[in-house]
Each structure stands twice: as C-alpha cells, then as structure tokens.
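Asker: sequence and predicted model, in that order:
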Amino acid sequence: MIEQLKGKTELALSRQMRTPRTLDVEITARCNLRCRYCYFFNNPAVEYRELPTNEWLKFFAELGSLGVMNVALAGGEPFIREDLPELIDGIVRSRMRYSLLSNGSLISDEIAAFIASTGRCEYVQISVDGSSAEIHDSCRGKGSFEGAIRGIRTLQRQRINVAVRVTIHRNNVHDLANIAHMLLEELSLPSFSTNSAGYLGTCRLNADDILLNITEHQLATATLLHLAEKYPGRISANAGPFAEGQTWRRMEDARAQNAPAFPNGGRLTACGCPSNKISVRADGTIVPCSMLAHIELGHINQDSLLEIWQNSPSLNHLRNRQTIPLAGFEFCAGCAYIPYCTGNCPGLAYTLTGMVDHPSPDACLRRYLEEGGAIL
Amino acid sequence: MNQLDRPIANPIVVLREEFDDWAILFNPDTAAAVGINPVGVAVWKRMDGKKNLKEIVQEIKTGFEEVPEAVFEEITTFVDKLAETGYVGYELKDNPR
C-alpha cells in the first residue's frame, strides 16, 4: 500500500504525469549583470517585462492546488526583486519547496536569514566561472566574482544548501583545477556541477569568443575526468564536456562491441523535461522550457496550467518528439552511433538548425570526432 | 494502536494524484515523499480525524472489490507506517482522569 519513491512508483512516474512535478519560473526580466554568454537575454522571441507580486502569488496558489512539488526561481537575477520574501511566502503557503538560481551578488544577510527560516529551500545555485576575479569577471563583469563569493559565504553562514554551477568557456577552460580547489577545499562546498556555454541568447552574439573549440572541449573533458578522480562524487554534469565525455565513452564502447541499442537510443529522446516540468517566462508566458522560450503555450492566470499540461498540442508534439527516428535525418546518415544517441538538447537544436524536431549538432559525437576530437 | 484512534492526515502533506489512481504523499517541510496505491489513496482521503480505523476500513470494504480478509491489519500497518514518518497524526479519545 505504501512504497518509497523507488521501484514501482518511480517507474510509473516515468510515464506522463497528471500535473507537472516541477516548474522553472523566471520571476524577473531584470539582472544587475550582463554576462557575455547569458542564455536569457537577447532572445528575439522573448518580451522582457515582468509581472507584479499579486500575479505570481495567484499563480503559486494554482500550482499548490495541482500538487506541484518544487519551483525553481530564476530570471534574470531573482534576488533583484524587492518582493522576493513575499513571493517565497506564497510558495511556502502553497505547500511547495523552492530553489533559486543566482549570480550571488545581491544576497544579503537579511534575505539569506529569511530563506533559512522557511525551511523549504532545496538550494541556492550560484554561478562561479573562475578561481579569480580576472577570469570570472571576464565574461560576467567587474565585481561579479567578489559578489558571487560573498553570496556563497552569506548562504553558508545561514546553513543554506549552496549549489555552484561552473559554466565552461574559452576564458576559464584552463582554470578548472583551480576552480575545483577553491570551491571544494577553500570554500568547503560538498560538490559543484558544470556545463558549458551554449549557442543561446547573448552567447550567440559572442560565440567566437565564448564557445569551446574541439581542442578546448577535449581539454575540459580530460581535466574534469581527472578532477572527478581526485574528488570522487563531488563533480557532476548533465550537459557540457564532463557529461559528454562520459556519455561518448559509453557510446563508443557500445559501438565497438556492437552492443544492442540503448533504451533511449536511436530517436529524439532528449531531454525528457516536458514529461515532468514546465517553464514560465518573466512576462507570464508558459513555455515548455526556458531553452524553448519561443514555443508559447499560454499565459498564467489566463489559461489553465492543467489544461495546457494535459492537452496542449504544442507540448504533446514536443513529447512525441521521442518517436522520431534519428535514421531519418540526413544529418545522421551513416552514423554508427545512432543506436546509442538521443539527438541531444532540443533547445540547442532549434538555435543551431532552426528546427526543434532535429538532432542538435552541439553534442554530436560523430561531428566531434570528424573535427579532430578524441574519446578519452 | 487503539482501534478507537482517529487518524488525521497531516495537513501540510500534499497528496499528489498520478495516473492509474496511484499517488505521492509529499511533505514539503522535510522533502520526504512516498508512493501509495489506490487503496492507500482512499484511506488517506478518509483520515479526517472524525472516522476511526474501523469505520475507514468498512468504507474501503464497501468501495473496493475483492478486498482481502486481512484488510484491517493491512490498513492498520499502512496508517502506523505513515504515523511513524509524520504523515499522519491521531486524535486520541479523552482519557478519564
């Protein structure tokens, strides 16, 4: 009659959920920084305006009634909102937990103490991209390193879980060992995660200066694999060089052994998010994901989230993307890795090819090898 | 457990109903969650502090087909487990002083 959320129930939850379990909510269109690879700004599909407090509170009450469990508050910079405590109160009242994605620089002792007092904060994620101001600030602006470290220390004083995200780019790819040392040893964080700058938003304007080339990608992968041995279980990634390095190794091993296809291989199965979460832009527009901000599904407090979640043709089309075989794409023609490939991020597929229903060239193993990369 | 005890679902706990009538009980204060089957969902919805376990079991017997003979013991175990983990409290009968 009762089961821990492993096994049967967890298996069942891999099917379509009745309501989303998690929401990513961009509560503001403002930010005190202008990072050179920000995915949020400079998206031509997005209207950069934000909603008043009461609109969000009404929406959070709707989420509570649907049994949503977690809300991730992002932006922009969420701590720039003067009414943040009021918004968090609304989440708590609606029996949900929350997390915050931040650059750290606006986190005061007062707001940190408030967050700690709620007992509902999963974590505050702070972006740290260098072990020094020179490297971190090169893409995020002067003073941002000091602000990020100050923010981390403020959160630590309040015993709030701090989740650091390191975005790898051309200016910090040689600094990864120093970053790991600073985060894990000097700041005593339990872990951190990595990704890499992607061809989205502002990054599209600075791609040549930001995005890793093949040599740098390989260097990042090698460094992170080494660091993962030095700091077991303390470095993770869902995307970027570290994740790709591990995935590509499994794909190559499977290909070499002529192994059966992976369960999620051979079709556009990445990334699975539309089956358990949904996003809201700062202007209240409901979208499948912040990486697919141009697919407008409705508007909060005007359209029923339940109706959108269960019946939106656009959302269901995105979910059915997983039935599209990679073998049908000219891009994949003749690729030996098809049985082991998921087609990768649909958001990057869209920004790179103009098509959502297309494999993304961004994390394509064959392309990486053809351009001189090696599997480590 | 006293059969006259009247279990109460912890009001902070969220019943997140999924497909096939399964559900998740989620405690946002602790982040703990468990999955419960359709009978568990029916029991959960009846734990209002007014019905005792006997009455809840009787309603389950009426509402479900092919209820096993040991249903009272199974539901008692279920409620006890939820109580141990803070999902459920009890409204106890007043003790004579």
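Answerer: The structure has been received and is ready for your questions. Remember, it's a predicted structure, so these values are computed and weren't measured experimentally.
Asker: from here on, contacts and neighbour counts on C-alpha atoms
Answerer: OK.
Asker: report the contact partners of A:Gly347.
Answerer: Taking C-alpha atoms under 8 Å, 6 or more residues apart in numbering or on different chains as the criterion, A:Gly347 is in contact with A:291-292, A:356.
Asker: go with 6 Å
Answerer: A:291-292 (C-alpha atoms under 6 Å, 6 or more residues apart in numbering or on different chains).
Asker: that one and chain B, how far apart?
Answerer: 28 Å (C-alpha to the nearest C-alpha, to the nearest Å).
Asker: equivalent analysis for A:Leu212, please.
Answerer: 38 Å.
Asker: that residue: how many residues sit nearby?
Answerer: 23 (other C-alpha atoms under 10 Å in any protein chain shown).
Asker: can you check A:Ile126 too?
Answerer: Look at A:Ile126: counted by other C-alpha under 10 Å, it has 22 neighbours.
Asker: if we look at the helix or strand where it lies, which residues are touching it?
Answerer: Using DSSP states H and E, A:Ile126 sits within strand A:121-127. For strand A:121-127, the external contacting residues (C-alpha under 6 Å, 6+ apart) are A:97-104, A:161-166.
Asker: skip ahead from the lowest-mean-pLDDT helix or strand in chain A and say which helix or strand is next.
Answerer: When each helix and strand of chain A is scored by mean pLDDT, DSSP states H and E, helix A:8-13 comes last, with a mean of 39. Downstream of helix A:8-13, the next assigned helix or strand under DSSP H and E is strand A:22-26.
Asker: and the stretch 51-200 of chain A, which residues reach chain B?
Answerer: A:67, A:95-97, A:120 (C-alpha under 6 Å from any C-alpha of the partner chain).
Asker: so which of those residues is surrounded by the most neighbours?
Answerer: A:Met96 (29 neighbours).
Asker: and the residue lying closest to it once chain neighbours are set aside, its phi and psi?
Answerer: Leaving aside its chain neighbours, A:Met96 sits nearest to A:Met69 (5.0 Å; criterion: C-alpha to C-alpha, 6 or more residues apart in numbering or on different chains). When read as degrees, to the nearest 10, the backbone of A:Met69 gives phi -100, psi -40.
Asker: burial measure for A:Met69, as a count.
Answerer: Neighbours of A:Met69 (other C-alpha under 10 Å): 23.
Asker: likewise A:Glu26?
Answerer: A:Glu26, neighbours per other C-alpha under 10 Å, totals 25.
Asker: now A:Ala112
Answerer: A:Ala112 sits with 19 neighbouring residues when counted by other C-alpha under 10 Å.
Asker: OK, contacts around it?
Answerer: A:Leu155.
Asker: contacting residues for A:Trp309?
Answerer: Taking C-alpha under 6 Å, 6+ apart as the definition, A:Trp309 has no contacts.
Asker: enumerate every residue touching residue 22.
Answerer: Answering for chain A, as no chain was given. Residues in contact with A:Thr22 (C-alpha under 6 Å, 6+ apart) are A:70-71, A:277.
Asker: that's the wrong chain, I meant chain B
Answerer: Going by C-alpha under 6 Å, 6+ apart, B:Trp22 touches B:36-38.
Asker: which stretches in the chain count as helices?
Answerer: Answering for chain A, as no chain was given. A:8-13, A:53-65, A:84-93, A:109-118, A:133-140, A:144-157, A:176-181, A:207-210, A:214-230, A:241-256, A:305-311, A:313-319, A:346-353, A:365-370 (DSSP state H).
Asker: that was the other one, I meant chain B.
Answerer: Under DSSP H, chain B gives helices at B:38-46, B:53-63, B:71-84.
Asker: any chance of those in CSV, with mean pLDDT too?
Answerer: CSV is the format used below for the helices of chain B (pLDDT from 0 to 100):
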stretch, mean pLDDT
helix B:38-46, 95
helix B:53-63, 92
helix B:71-84, 94
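Asker: pick the most buried one from these.
Answerer: Ranked by mean neighbour count, these are led by helix B:38-46 with a mean of 19 (mean count of other C-alpha atoms under 10 Å in any protein chain shown).
Asker: got the contact list for it?
Answerer: Contacts of helix B:38-46 (C-alpha under 6 Å, 6+ apart): A:1, B:21-22.
Asker: A:Gln125 and A:Pro78, how far apart?
Answerer: 11 Å (C-alpha to C-alpha, to the nearest Å).
Asker: those two: which has the busier surroundings?
Answerer: The neighbour comparison of A:Gln125 against A:Pro78 (other C-alpha under 10 Å) goes to A:Pro78, with 25 against 21.
Asker: which residues touch A:Gln322?
Answerer: A:267-269.
Asker: of these, which is the nearest to chain B?
Answerer: In terms of C-alpha to the nearest C-alpha, no member of the contacts of A:Gln322 lies closer to chain B than A:Thr269, at 21.8 Å.
Asker: phi and psi next, for that closest one.
Answerer: Dihedral angles (degrees, to the nearest 10) for A:Thr269: phi -90, psi -20.
Asker: my guess is it contacts A:Thr342, does it?
Answerer: Yes. The criterion here is C-alpha atoms under 6 Å, and A:Thr269 meets it with A:Thr342 at 5.1 Å.
Asker: any residue of stretch A:264-283 touching chain B?
Answerer: No. Stretch A:264-283 is not in contact with chain B by C-alpha under 6 Å from any C-alpha; minimum separation 11.7 Å.
Asker: now do the end-to-end distance for that stretch.
Answerer: End-to-end distance (C-alpha to C-alpha), stretch A:264-283: 35 Å.
Asker: what comes up buried for that stretch?
Answerer: For stretch A:264-283, the buried set under the neighbour-count rule, 16 or more other C-alpha atoms under 10 Å in any protein chain shown, comprises A:265-270, A:274-283.
Asker: now do it: everything it contacts.
Answerer: A:16, A:20-29, A:49-51, A:286-289, A:321-322, A:324-326, A:338-345.
Asker: ok, for A:Cys289, nearest residue in space, not its chain neighbours?
Answerer: Nearest to A:Cys289 is A:Ser279, by C-alpha to C-alpha, 6+ apart, at 5.0 Å.
Asker: from chain B, how far out is the one you found?
Answerer: Taking C-alpha to the nearest C-alpha, one finds A:Ser279 at 19 Å from chain B.
Asker: do the same with A:Leu376
Answerer: Relative to chain B, and taking C-alpha to the nearest C-alpha, A:Leu376 is found at 38 Å.
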